[in-house]
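1. here is a sequence with its predicted model. Questions after.
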Amino acid sequence: MAREDNVTPDGIGIGGGVGGGPEGYDGHVTFYVGVEDVETALAKAESLGGERAMGPDEVMEGTVIGQFKDPEGHIVGVASS
């Protein structure tokens with residue numbers, strides 16, 4: 001279930017969604033942090049010991065996301081719109 005309406009009246013915010021995983025999957029949560037530039041944020045994470053997991057990818061017109069793994073393997077998302 002995707003949501004694109006959870007933004008302020010000025011259009012500020014990041015849409016989101018909730019979906020099920022495949023059978024037998026324990027699941028996880030990915031938090032996204034708003035950044036000015038996804039590529040810059042991913043490069044910074046890599047320079048600090050993180051590992052790029054995906055992106056940057058445009059998922060909706062004007063919304064770009066990426067993900068990285070922190071040094072302990074946790075996935076963190078970054079997004080710009």
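-> That came in fine, so what should we check first?
2. for Ala45, which three-state class applies?
-> Ala45 falls in the helix class when you classify it by DSSP: H, G, I helix; E, B strand; the rest coil.
3. Three-state assignment for the nearest residue to it once chain neighbours are set aside, please.
-> Take Ala45 and drop its neighbours on the chain: the residue closest to it by C-beta to C-beta, 6 or more residues apart in numbering is Phe68, 4.2 Å away. Where C-beta positions appear, they are placed from N, C-alpha and C, glycine not excepted. With three-state DSSP as the basis, Phe68 sits in strand.
4. give the contact list for Phe68.
-> Shown in contact with Phe68 (C-beta atoms under 8 Å, 6 or more residues apart in numbering): Leu42, Ala45, Glu46, Gly50, Glu51, Arg52, Ala53, Ile75, Val76, Val78.
5. what's the ChimeraX line that selects buried ones from those residues?
-> In ChimeraX syntax, the buried subset of the contacts of Phe68 is picked out as below (16 or more other C-beta atoms under 10 Å):
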select :42,45,50,76,78
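6. give me the number of residues near Ala79?
-> 22 (other C-beta atoms under 10 Å).
7. gap between the residue nearest the centre of the chain and Val64?
-> Closest residue to the average C-alpha location of the chain: Gly77 at 3.0 Å, with C-alpha atoms, centre = their mean. From Gly77 across to Val64, the span is 11 Å (C-beta to C-beta, to the nearest Å).
8. low-confidence ranges, this structure, go.
-> For the chain, the stretches with pLDDT under 70 are 1-18.
9. just to revisit the earlier point, could I get the contacts of Phe68 as CSV with secondary structure and distance to Gly20?
-> Listed next are the contacts of Phe68 as CSV, based on DSSP: H, G, I helix; E, B strand; the rest coil; distance: C-beta to C-beta, whole Å:
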residue, secondary structure, distance to Gly20
Leu42, helix, 27
Ala45, helix, 28
Glu46, helix, 31
Gly50, coil, 28
Glu51, strand, 27
Arg52, strand, 26
Ala53, strand, 21
Ile75, strand, 18
Val76, strand, 22
Val78, strand, 24
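10. and the contacts of Phe68, which is closest to Gly21?
-> Using C-beta to C-beta, the shortest approach to Gly21 within the contacts of Phe68 belongs to Ile75, at 13.8 Å.
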